[in-house]
Each structure stands twice: as structure tokens, then as C-alpha cells.
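Visitor: Sharing a model prediction with you, sequence too.
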Amino acid sequence: MMYEQRRFTRVSIEKLCSVTTSEGQVVPAEIEDASINGLRLAVNEALQPGAECILLLTPEVDKEIEVRGTVVAKTENGCNIEISAIRADSFEHWRELIIDHAEDGYEMDTEITSRMDIWPDTY
């Protein structure tokens, strides 16, 4: 039996983004699914577990979301990233994006709000 490590429910998002590695390389990617503190990316470049990165997403013209994270696992076509921090002016946009893509937005909002103690930090 496999132990479930996720602390928040994931939702399917399928949005394009860019990932900047700690070496400064910018890599195009697509978010497959996400939660308030993690995401799975489809990416052609090999991002190794333990690598730190910055993810930039522009879901709408006037909204930019920037998160920092660490690659925690490689997948068949990409990687999983644990979010360590969210830029302060991006947090509400990220939260709204997760809620908007949830099957039940009210339930997702309740889950996120009730678990504020384990949200990623802001910067």
C-alpha cells in the first residue's frame, strides 16, 4: 500500500508556465495539476529532484503568479514540485486559480482556509 503524502487536494489546471532553474535557465512547461502547495509539470527538460526553481504563470493578462519550489520527484513526462514560497502579490491569484479549477470550489476554499498553518511562506 502506498502512503499518500499530499496535504491538499490537487486539481487539474493545464496552464502554460515557465520555470527558471537555479542556474538561470528558463524552461517552458505546462502545469498538469496543482494544489496550494504543490504541482505536477509536463516539461521536456530534465529537472532533477532537489533542484530549486521559480515558476512563473500568467493565467490572465493582468495577473502574474510567481512561486518558488523544489523538484521532489521526476515523472514520466516531467516532475513534481513542492512549493516553498509564493510571492506575496501572487498568493490570492494562486488561491483563486486552485479554487476556480476545483470540482467544488466551496469545498476547496474550505480545505485551503482550514489548513492555513501549512500554507507555503510568502516573499
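Guide: Nice, I can see it.
Visitor: what stretches of the protein score poorly on pLDDT?
Guide: Counting by pLDDT under 70, the low-confidence segments of the chain come to 1-7, 118.
Visitor: swap the cut-off to 80 and go again
Guide: Across the chain, the stretches falling below the confidence threshold (pLDDT under 80) are 1-7, 59-62, 115-119.
Visitor: Okay, helices next: where are they in it?
Guide: In the chain, the helices defined using DSSP state H lie at 91-101, 105-114.
Visitor: now the end-to-end length of stretch 73-81.
Guide: 7 Å (C-alpha to C-alpha, to the nearest Å).
Visitor: in it, what counts as buried?
Guide: G78, C79, N80, I81 (16 or more other C-beta atoms under 10 Å). C-beta here means a position set from N, CA and C on the backbone, and glycine is covered the same way.
Visitor: quick one: contacts for R10?
Guide: Applying C-beta atoms under 8 Å, 6 or more residues apart in numbering, we find R10 in contact with D33, A34, S35, G38, R40.
Visitor: By neighbour count, which of those residues wins?
Guide: Of all those, A34 has the most neighbours under the rule other C-beta atoms under 10 Å, reaching 26 neighbours.
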